[in-house]
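>>> next one to model:
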Amino acid sequence: MDVRIGLSQSVRELELELGDDDRDTVMKDVEVAIARGDGTLWLTDKKGKTLGISVSKLAYVEFGAKDEERRVGFAR
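Next up is the predicted model:
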C-alpha cells in the first residue's frame, strides 16, 4: 500500500510503500495520532524501516487505492 505524507513548511512529500498492513488499521492509527494532537506517528515500510513523524507537522496523509496496480510501459 502506498502512502504519501505532506508536511507543513516543507515542499517535499514523504512517499512510503507499507507492507501487508491492513489499510483500515493504518488509517485508524493516523486518526488516533492526529486526535492526540502531539507526539509521533510511527510507520514501518515494506523493507522494515521505521519512520517517525511529528504529528504537529502533518499537513495531509494520502493513501493509494486498495486495488492499485503498478503499470510499466506506455499505454494508448
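>>> contacting residues for the spatially closest residue to residue 14 that is not a sequence neighbour?
Nearest non-adjacent residue to residue 14, counting by CB to CB, 6 or more residues apart in numbering: residue 5, 4.3 Å away. The way it works is simple: take the backbone N, C-alpha and C, and place the C-beta from them, glycine included. When contacts are counted by CB atoms under 8 Å, 6 or more residues apart in numbering, residue 5 touches 13-16, 53, 58, 60-62.
>>> just put those in a markdown table and tack on distance to residue 43, pLDDT and neighbour count.
Formatted as a markdown table, the contacts of residue 5 follow (distance: CB to CB, whole Å; pLDDT from 0 to 100; neighbours: other CB atoms under 10 Å):
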| residue | distance to residue 43 | pLDDT | neighbour count |
| --- | --- | --- | --- |
| 13 | 14 | 92 | 12 |
| 14 | 9 | 90 | 14 |
| 15 | 12 | 90 | 12 |
| 16 | 6 | 88 | 18 |
| 53 | 7 | 90 | 18 |
| 58 | 12 | 91 | 16 |
| 60 | 15 | 91 | 10 |
| 61 | 10 | 90 | 19 |
| 62 | 13 | 90 | 11 |
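>>> could you say which helix or strand holds the residue nearest to residue 14?
If you go by DSSP states H and E, residue 5 is part of strand 2-7.
>>> same question for that strand, mean pLDDT?
Regarding strand 2-7, the rounded mean pLDDT is 90.
>>> output that strand as PDB, nothing but the C-alphas.
Output of strand 2-7 as PDB, limited to C-alpha atoms (Å, rounded to 0.1, in the frame of the first residue of the first chain):
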ATOM      1  CA  ASP A   2       1.400   3.400  -1.000                       C
ATOM      2  CA  VAL A   3       1.100   6.300   1.400                       C
ATOM      3  CA  ARG A   4       2.100   9.900   0.600                       C
ATOM      4  CA  ILE A   5       2.500  12.300   3.600                       C
ATOM      5  CA  GLY A   6       2.700  16.100   3.300                       C
ATOM      6  CA  LEU A   7       4.500  18.100   6.000                       C
END
